[in-house]
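1. Here's a sequence, model it:
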Amino acid sequence: MQESFRKLGYAEGIASAIINTILFGLKIWVGIKASSIAMTADAWHTLSDTLTSLVVILGFWISGRPKDEEHPFGHGRAEVIAAVVIATLLAVVGASFFRDSIRQLIERKNAAFSTLSLIIFSISVLVKEALARFSLWAGKKTQSQSLVADGWHHRSDALASLMIVVGAVVGKYVWWIDGVLGIGVSALILYAAYDIAKSAFNALMGESAGAFLSGEIRRIAAETSPQLKDIHHIHVHRYGDHLEITLHARMNGETNIQDAHNLSSSLERELKKELNADTTVHIEPEKHA
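-> Residues are numbered from 1 along each chain as shown. Model prediction:
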């Protein structure tokens with residue numbers, strides 16, 4: 001991973017951890033004072049953002065280590081594993097507060113929202129959305145799944161805080177609003193966990209090359225030599241920013257071994273130059289009708 005990208009990941013993680021810790025302290029304080037399950041749930045959701053930011057920092061540190069004998073493709077997938085950890089933490093938080101929200105409704109408890117709590121949660125909406133945008137931008141720039149995951153974590157917290165602000169305004173009229181908001185916050189957290197886990201598991205289990213990448217590979221093969229035909233059986237493996245490609249290409253069956261080797265080597269060099277991919281090309285004889 002490029003050093004500049006690693007520094008960007010560290011910057012996002014450190015800034016997020018500090019800001020979220022401060023927000024957690026303010027939210028838990030007003031949440032306890034208001035006896036609000038929704039506010040308390042959102043406070044712990046914010047603290048979980050601090051933990052996930054620490055996971056992001058750890059993931060970037062591990063993924064930046066060079067390849068070794070035990071890990072010949074480097075440590076890039078540590079960053080994807082970090083995203084799985086984030087999703088797991090989110091799922092635990094979401095399930096816990098879903099249970100507490102149901103209990104709040106069963107016991108018919110209401111909350112006493114104060115002006116101070118409204119101010120703090122309104123500030124949280126703005127701050128968390130700003131963090132979300134920064135994390136998502138940094139994630140796209142560095143192609144980091146854990147940063148994108150952290151960005152959606154921030155956004156889910158911003159939406160949860162917004163729901164609480166709206167609910168607090170009407171809370172004086174309906175006793176059940178706090179419990180219902182707690183369920184809503186929990187649902188947002190659980191959906192974010194599912195979405196993050198799905199993307200991470202797809203990367204770990206292996207994905208198809210996709211139409212765009214397959215098209216680029218075929219274009220590069222055609223420009224390398226018209227003798228390389230029918231590019232197929234394309235497999236792609238990602239290890240952070242390290243890309244491995246295997247593919248099959250057909251050639252005239254009368255081509256000698258040395259020429260076939262030279263052409264396959266040329267294609268491997270071009271794919272390295274244009275896609276920064278380490279490629280293995282398997283040559284097959286051309287089919288004849």
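2. What strand or helix carries the residue of the chain positioned farthest from its centre?
-> In the chain, the residue that sits farthest from the middle, by C-alpha atoms, centre = their mean, is Glu254; the gap is 48.6 Å. Assessed by DSSP states H and E, Glu254 sits outside every helix and strand.
3. And the helices in the stretch 51-200 of the chain?
-> Assigned helices in the stretch 51-200 of the chain, in chain order: 78-106, 115-142, 145-170, 177-205 (criterion: DSSP state H, counting those that start in this stretch).
4. Relative to Thr279, how far out is the residue farthest from the centre of the chain?
-> 25 Å (C-beta to C-beta, to the nearest Å). All C-beta spots, glycine's among them, are computed from the backbone N, C-alpha and C.
5. can you check Ala200 too?
-> Counting by C-beta to C-beta - Ala200 and Thr279 are separated by 25 Å.
6. average pLDDT for stretch 181-194?
-> The average pLDDT within stretch 181-194 is 82.
7. now stretch 117-126
-> On average, stretch 117-126 scores 90.
8. list the buried ones in that stretch?
-> Ser117, Ile120, Phe121, Ser124, Val125 (16 or more other C-beta atoms under 10 Å).
9. Looking at those, spot the one nearest Ser266.
-> Checking the buried residues of stretch 117-126 against Ser266 with C-beta to C-beta, the nearest one is Val125 at 55.3 Å.
10. wait, that closest one sits on Ala158?
-> Yes: contact criterion C-beta atoms under 8 Å: Val125 and Ala158 qualify, at 5.2 Å.
11. The closest residue to Ser186 other than its chain neighbours: how many residues sit nearby?
-> Using C-beta to C-beta, 6 or more residues apart in numbering and skipping residues adjacent in sequence, the residue nearest Ser186 is Phe98, 3.7 Å away. For Phe98, the count of nearby residues is 19 (other C-beta atoms under 10 Å).
12. mind listing what Phe98 touches?
-> Going by C-beta atoms under 8 Å, 6 or more residues apart in numbering, Phe98 touches Gly182, Ile183, Ser186, Ala187, Leu190.
13. And for Tyr10?
-> Tyr10 neighbours (C-beta under 8 Å, 6+ apart): Ile57, Phe60.
14. So it lies in a strand, does it not?
-> No: read with DSSP: H, G, I helix; E, B strand; the rest coil, Tyr10 is helix and lies in no strand.
15. Pull the contacting residues for His261.
-> Contact analysis of His261 by C-beta under 8 Å, 6+ apart lists nothing.
16. next one: phi and psi at it?
-> phi -70, psi -40 (degrees, to the nearest 10).
17. how far away is it from Glu244?
-> Where Glu244 is concerned, His261 sits at a distance of 20 Å (C-beta to C-beta).
18. Same check on Asn276?
-> Counting by C-beta to C-beta, the gap from Asn276 to Glu244 is 11 Å.
19. Who has more neighbours out of these two?
-> Between Asn276 and Glu244, counting by other C-beta under 10 Å, Glu244 is the more crowded of the two (14 against 10).
20. who touches His153 in this structure?
-> By C-beta under 8 Å, 6+ apart, the contact list for His153 reads Ser48, Asp49, Thr52, Ile86, Leu90, Ala192, Ile196.
21. quick one: low-confidence parts of the stretch 51-200 of the chain?
-> 59, 62-79, 110-112, 171 (pLDDT under 70).
22. ok so, going back, mean neighbour count, the helices of the stretch 51-200 of the chain: which tops it?
-> Counting by mean count of other C-beta atoms under 10 Å, helix 145-170 has the highest mean neighbour count of the helices of the stretch 51-200 of the chain, with a mean of 24.
23. ok, back up a step: kindly present the contacts of His153 as CSV, with separate columns for distance to Val236.
-> Compiled in CSV, the contacts of His153 are given as follows (distance: C-beta to C-beta, whole Å):
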residue, distance to Val236
Ser48, 33
Asp49, 32
Thr52, 28
Ile86, 24
Leu90, 28
Ala192, 27
Ile196, 21
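24. closest to Lys140 among the residues you listed?
-> Among the contacts of His153, Ile196 lies closest to Lys140 (C-beta to C-beta), at 15.3 Å.
25. Touching, the closest one and Thr88? I think so.
-> No: using C-beta under 8 Å, Ile196 is not in contact with Thr88; the gap is 9.4 Å.
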